[in-house]
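Undergrad: sequence first, then the predicted structure, then my questions.
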Amino acid sequence: MTAFRTLDDIGDVAGKRVLVRVDLNVPTENGAVTDTTRIERVAPTILELSRAHAKVILLAHFGRPKGPDPKESLRPVAEKTAEILHRPVAFAEDCIGEAAAKAVAAMKDGDILCLENTRFHKGEEKNDPDFVKALAANGDIWVNDAFSAAHRAHASTEGLGHVLPAYAGRTMQQEVEALARALENPKRPVAAVVGGAKVSTKLELLGNLVGKVDALVIGGGMANTFLHAQGVSIGKSLAERDLADTARDILKKAQAANCAIILPVDAVIAYHFAANAPSQAYGLDSIPLDAMILDVGPQSIERIKGAIDEAETVVWNGPLGAFELSPFDHGTVVAAKHVAARTKAGKLLSVAGGGDTVAALNHAGVADHFSYVSTAGGAFLEWLEGKALPGVEILRKR
Ligand SMILES: Nc1ncnc2c1ncn2[C@@H]1O[C@H](COP(=O)(O)OP(=O)(O)O)[C@@H](O)[C@H]1O
Ligand SMILES: O=C(OP(=O)(O)O)[C@H](O)COP(=O)(O)O
């Protein structure tokens, strides 16, 4: 593996404008940040550059907006970042053009500025060279510290590396090293636990993952898609019904690869997506048409615990239910505590990742008991598949 250029190679940055790609795609509720892990993890890079008298310009995306959308502004996240850094963080209302240029021109050495959501521009996800040029106009150097967005070949996660001197930030460096240390030669059996809501972006990669792991536990919105593909009536549950063929294909691949699939056998349902909505455990043959599956049921939890007991290594991305809403956090919390207890007892190596997964582990009070907690979800799964991550590859020394 070719090594990175890191902050150790960056030289004197005093007075230089350093564009730092961070992942500020943090969980929020009513505009307030509910889990600050990703901010805390990029803080060392920001502070190191600031202390070296660089002008530190943060680039990040938030959510998946289709264009400029005040609901997906980074402003509240920038405010939270300032609180965590104990430093002022200025904010510019656009990541390119006049607003960005003016805010950068006003910076003094060591200042920190956050630019508005890069995904407000279509050029970001298209990695459009003109958009890359517009971003690069405000920087002399590009530092990528967003490992959790490194599976995206976007303008701010990859494109900038073609036009500016590129370096890995401390978190990028640490994540790649830690994952390699923990999982390059994992003790078998390996169980993967995959849940969450980003079904369409993560479903296809399960087809490769079943060739790498011995058991795949599927929960959350991901499981609903598989249950639907198997002919289970899932009512109004979150699922990607169009991807039923892909789900069936993955089940076939798993069988061929001898990978055990652990799908829910029962479910906790509710009629409203709200905390404390009246809920009930149901068998899969009787989910009411107007109900939503919001958590795995009690029998499923026992099966998941059993799969964890048989594993020597567990990798986990995606909550097993809508954990932000009590009592639909139950399955995720019980499974997380079980993994943590076995890890603490020395019986398991456990690695979990993803913005919401980390929030769920913090909610369960067990993040510190996992062997390693990554900031990355989708990027972690792609890394696990053995895929090259564009945002990492661009940093390799050539
Ligand atoms: N059954 C379900 N119905 C609706 N939402 C769910 C369900 N299970 C999980 N979720 C949601 O999935 C989200 C996390 O998914 P995802 O973004 O894929 O995870 P991560 O950020 O850890 O990679 C959470 O907000 C959670 O509420
Ligand atoms: O939150 C993220 O990924 P994750 O939910 O897989 O952990 C990253 O910020 C990437 O976001 P994206 O999946 O909208 O490209």
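TA: Perfect, I can see it now. Ligands and ions are numbered 1, 2, ... in the order given.
Undergrad: tell me the contacts of Asn224?
TA: Taking C-beta atoms under 8 Å, 6 or more residues apart in numbering, we find Asn224 in contact with 234, 237-239, 293. Every C-beta, even on glycine, is put in place using the N, C-alpha and C of the backbone.
Undergrad: ligand 1: which of these is nearest?
TA: Set against ligand 1, the nearest of those by C-beta to the nearest ligand atom is Leu238 (4.0 Å).
Undergrad: how much space between the closest one and Gly67?
TA: For Leu238, the distance to Gly67 equals 24 Å [C-beta to C-beta, to the nearest Å].
Undergrad: near ligand 2, which residues of this structure?
TA: Taking C-beta under 6 Å from any ligand atom as the contact definition, the chain meets ligand 2 at 23, 25, 64, 148-149, 152, 198, 201, 354-355, 376-378.
Undergrad: and Tyr282, that's in a strand?
TA: Yes: looking at Tyr282 with DSSP: H, G, I helix; E, B strand; the rest coil, it is inside a strand.
Undergrad: excluding its backbone neighbours, what's nearest the residue of the stretch 201-350 of the chain found nearest ligand 2?
TA: As assessed by C-beta to the nearest ligand atom, ligand 2 sits closest to Thr201 within the stretch 201-350 of the chain, at 5.6 Å. Spatially, and ignoring its direct neighbours in sequence, Thr201 is nearest to Gly378 (6.0 Å; C-beta to C-beta, 6 or more residues apart in numbering).
Undergrad: who in this structure is up against ligand 1?
TA: Residues of the chain lying near ligand 1 (C-beta under 6 Å from any ligand atom): 195-198, 220-221, 224, 238, 293-294, 317-319, 321-324, 354-357, 377.
Undergrad: which ones among these are found in strands?
TA: 293-294, 317 (DSSP state E).
Undergrad: strands of the stretch 251-398 of the chain, start to end?
TA: 260-262, 266-270, 279-283, 292-296, 313-317, 349-353, 372-374 (DSSP state E, counting those that start in this stretch).
Undergrad: next one: the closest residue to ligand 2 within the chain from Gly354, what distance?
TA: Nearest residue of the chain to ligand 2 (C-beta to the nearest ligand atom) works out as Gly377 at 2.7 Å. Per C-beta to C-beta, Gly377 is found 3 Å from Gly354.
Undergrad: need the residues touching each of these two.
TA: In contact with both Gly377 and Gly354: 148, 196, 317-318, using C-beta under 8 Å, 6+ apart.
Undergrad: what pLDDT does Gly398 get?
TA: Careful, residue 398 is Arg; it's not Gly. Note on Arg398: pLDDT of 62.
Undergrad: what's the pLDDT at the residue of the stretch 201-350 of the chain closest to ligand 2?
TA: 91.
Undergrad: about what we covered before: so can I have TSV of the residues of the chain next to ligand 2 showing neighbour count?
TA: Output for the residues of the chain next to ligand 2, formatted as TSV (neighbours: other C-beta atoms under 10 Å):
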residue	neighbour count
Asp23	25
Asn25	23
Arg64	12
Ser148	29
Ala149	27
Arg152	21
Lys198	18
Thr201	16
Gly354	28
Gly355	21
Ala376	27
Gly377	26
Gly378	23
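Undergrad: which one in those is the model shakiest on?
TA: Lowest in pLDDT among the residues of the chain next to ligand 2 is Thr201, which has 91.
Undergrad: check which helix or strand covers that one.
TA: helix 199-209 (DSSP states H and E).
Undergrad: out of everything not next to it in sequence, what's closest to the residue in the stretch 151-300 of the chain that ligand 1 sits nearest to?
TA: Nearest residue of the stretch 151-300 of the chain to ligand 1: Gly196, at 2.5 Å (C-beta to the nearest ligand atom). The shortest distance from Gly196 to any non-neighbouring residue, by C-beta to C-beta, 6+ apart, is to Gly318 (2.7 Å).
Undergrad: now Asp128
TA: Ala155 (6.5 Å).
Undergrad: show me the shaky parts of the stretch 251-398 of the chain.
TA: Where the stretch 251-398 of the chain drops to pLDDT under 70, the residues are 398.
Undergrad: contacting residues around Gly331?
TA: Applying C-beta under 8 Å, 6+ apart, the residues contacting Gly331 are 219, 268, 295-297, 300-301, 304, 320-321.
Undergrad: so which of the residues you listed sit within helices?
TA: Counting by DSSP state H, these place 300-301, 304 in helices.
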